[in-house]
Each structure stands twice: as C-alpha cells, then as structure tokens.
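> return a 3D structure for these sequence lines:
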Amino acid sequence: MPTWLEVIFRTIFAVVVLFLLTKILGKRQVSQLSFFEYITGITLGSLAAYISLDTDKNWHLGMIAILVWVAISFGIEYLQLKSKKARDFIDFKATVLIKNGKVLEENLKKERLTTDDLLEQLRGKDVFKVADVEFAIMETTGQINVLLNRENQPLTPKHLGIKVAPEKETQAVIMDGKLMPEPLDMMGKTPKWLMDELEKQQLNLQDIFLGQVDSYGDLTVDLYADNVQVPQPQEKPQVYALLKKCEADLELFGLASDRQDAKKLYEQCSSQLQQVIADLKPLLRT
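Numbering: from 1, shown residues only. A predicted model of the protein is given here:
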C-alpha cells in the first residue's frame, strides 16, 4: 500500500477512535476542562497524530497508549463523582477573591492574579467598581463568578411584586423553509395555526429561514431576504389599550352618575380592572 494512502486510512481511523472515546468520556471533557482533563486532551491529540503519521510497524502502540489514557481519565472522573476530597485534590478548590466589597489580596496572590487581571475579569461581567461586589469567586475552571450587592442588582418582577407567567422554552417551528411538527406540538399549536399566523403577516413558508414560537404563543420569523421588514403582531398592545379604555370609561361613568350606589359600583369595577391590568401588564406590553 502506498504511504500516502496508509496515512489517510490511519488518520480516518484515529479520528473515529477519538470521537468514540470522547463520547464515552462525556460532555464535561469539552465544556468544563479541569487541569487533568486539559493535559489528557493535549496528550490524546499527540497520540492521534503519532498513529496517523508514524508509518513504522509499531503504530498500534499509540492506540494502546490512547486506551490507557482514556481509561485513567474515565477512572478519575468516576472517583471525582464519588468523593469530594478527590474533587478538591484533582480540580483544586474554588477561591474567594472579593468578599463584602473588599479584595482578599492573599487569595489573589495564591491564584497568581494581578489587580489588572481581576479588574479585567470583572469588566467582563459588566462590573466596573469593586465596592459594588458582594462576593467574587474563582471557580476550578478559572472562571470568576460575581454576585453584586443588593442595591446594585438589577430589578426583577419579584422585586416589584409583579407575578409573571411561567416561561417555556422557545421552540423553532420553521427551519430552512420547512415546518417542524414536533416543536410545534410541544407548544400546543397545530400546523393550521401556524399557516394562519403566516397568512396574517402575508408570508410564505418557503421564504422563512427561521421561525420561533415563544412561551406566550407569539410567532417571530427571520426571512431569507434580509432587507424585508416583517410586520410585528399588534394583538397584545391592542388588548392593553382596550382594557385601559374600559378603565377610563368606568371612572367616567362613576363621575357622571348621580346615584351613590352606582358610583360605588363603578369605582369598585374600575379598581378591580386596574388590578387585572397590573397583573397582565408584563404579558400585554411585550
């Protein structure tokens, strides 16, 4: 067999083996590389290159070395799952860098971070003032996570006492001009509903690159033609405006009525409608 052809076959073989072994080790090898996993990744890549290019008769030894490395890595991951002490020893412990707005210099030196490094990491979290930080911790992956103190945390509906409907995952119901039945069914919608929504916006299915339905049942689309503006649905703003008009009418009727019982009834209904509008406002103003 020609050498160049042998190299091609060995490379394909090495790629397939690495892919299968990576699947065995799991997603953590890619998403959360620890110190040992980082070394393992480099070593496996080097061994795969040896299998592909070393044309002597001992290339199979590289395959044995790969299997040994994967077995050790798999064993260490299993040990980490079973033992907290093993996790701390292999992956190290998380380190607190800032507490109550004060930088812990000793921990900073321990992790070999300069003040510039810390400030750079904080700016990456949209934090520009150390005093605004309640707690900052360096994880075992090297990432720094930040908790702002309460007065600097962004407002949420809970802070304002507003109840919002539970969120569902947004589903892609149209891809590459084709309808996706399963995501549509997950959102409790039918193909007829989707076609009716497209008809309201005067759109054709084959012209849509991507269509998504959010947790409120709204359809948003991205067309192949980037210069075409898609009209946005206006049902929710119209409902909100109608409710506000009803509220204003009830107040007006109450002011115009000469009967005290009627005034009281109109005021009561207006107050109840105000509460309904306040509860629905997060949904109707989106």
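> any idea how far P2 is from I8?
10 Å (Cβ to Cβ, to the nearest Å). Heads up, the C-betas are built off the backbone N, CA and C, glycines and all.
> then S73?
In this view, S73 and I8 are 28 Å apart by Cβ to Cβ.
> how about the strands in the stretch 51-200 of the chain?
95-99, 102-103, 133-138, 144-148, 171-175, 178-179 (DSSP state E, counting those that start in this stretch).
> circling back to that earlier point, who has more neighbours, S73 and I8?
S73 (21 against 12; other Cβ atoms under 10 Å).
> do you know the pLDDT at the more buried one?
Confidence at S73, expressed as pLDDT, is 77.
> what strand or helix carries the closest residue to it other than its chain neighbours?
Of all residues not flanking S73 in the chain, T40 sits nearest, at 4.8 Å (Cβ to Cβ, 6 or more residues apart in numbering). Element membership of T40, judged by DSSP states H and E, is helix 35-53.
> confidence-wise, which helix or strand of this protein is lowest on average?
Within the chain, judged by mean pLDDT, DSSP states H and E, the helix or strand with the poorest mean is helix 28-31; its value is a mean of 48.
> in the protein, spot the helix with the most residues.
As assigned by DSSP state H, the longest helix anywhere in the chain is helix 260-284.
> which parts of that helix are buried?
Buried residues in helix 260-284, counting neighbours by 16 or more other Cβ atoms under 10 Å, are found at 266-267, 269-270, 273, 284.
> now these in JSON lines, with distance to Q260 and pLDDT?
Shown next, in JSON lines, are the buried residues of helix 260-284 (distance: Cβ to Cβ, whole Å; pLDDT from 0 to 100):
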{"residue": "Y266", "distance to Q260": "11", "pLDDT": "82"}
{"residue": "E267", "distance to Q260": "10", "pLDDT": "85"}
{"residue": "C269", "distance to Q260": "15", "pLDDT": "86"}
{"residue": "S270", "distance to Q260": "15", "pLDDT": "83"}
{"residue": "L273", "distance to Q260": "20", "pLDDT": "83"}
{"residue": "L284", "distance to Q260": "33", "pLDDT": "64"}
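> which of these lies closest to K158?
L284 (19.1 Å; Cβ to Cβ).
> how many neighbours does the residue lying closest to N100 once chain neighbours are set aside have?
Among residues not flanking N100 along the chain, E134 sits closest, at 6.7 Å (Cβ to Cβ, 6+ apart). The burial count assigned to E134 is 16, neighbours taken as other Cβ under 10 Å.
> measure stretch 45-62 end to end?
11 Å (Cα to Cα, to the nearest Å).
> correction: the previous question concerned stretch 126-137.
End-to-end distance for stretch 126-137: 16 Å, by Cα to Cα.
> what's the average pLDDT for it?
Mean predicted lDDT for stretch 126-137 stands at 92.
> now do the same contact list for T95.
107, 110-111, 137-138 (Cβ atoms under 8 Å, 6 or more residues apart in numbering).
> contacts only, for the nearest residue to it once chain neighbours are set aside.
Nearest non-adjacent residue to T95, counting by Cβ to Cβ, 6+ apart: M138, 4.6 Å away. The contact partners of M138, taken as Cβ under 8 Å, 6+ apart, are 94-97, 111, 113, 144.
> could you tell me which of those count as buried?
Buried members of the contacts of M138, scored by 16+ other Cβ under 10 Å, are 95, 97, 113, 144.
> now the second one: how far from A131?
Pointing back at L97 there. Using Cβ to Cβ, L97 is found at 14 Å from A131.
> what of the third one?
The spacing between L113 and A131, counted by Cβ to Cβ, is 19 Å.
> sorry, back to before: now render the buried ones among the contacts of M138 as JSON lines, adding pLDDT and distance to Q121.
Converted to JSON lines, these look like this (pLDDT from 0 to 100; distance: Cβ to Cβ, whole Å):
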{"residue": "T95", "pLDDT": "90", "distance to Q121": "13"}
{"residue": "L97", "pLDDT": "93", "distance to Q121": "9"}
{"residue": "L113", "pLDDT": "89", "distance to Q121": "8"}
{"residue": "I144", "pLDDT": "90", "distance to Q121": "4"}
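> with that, I have no additional questions.
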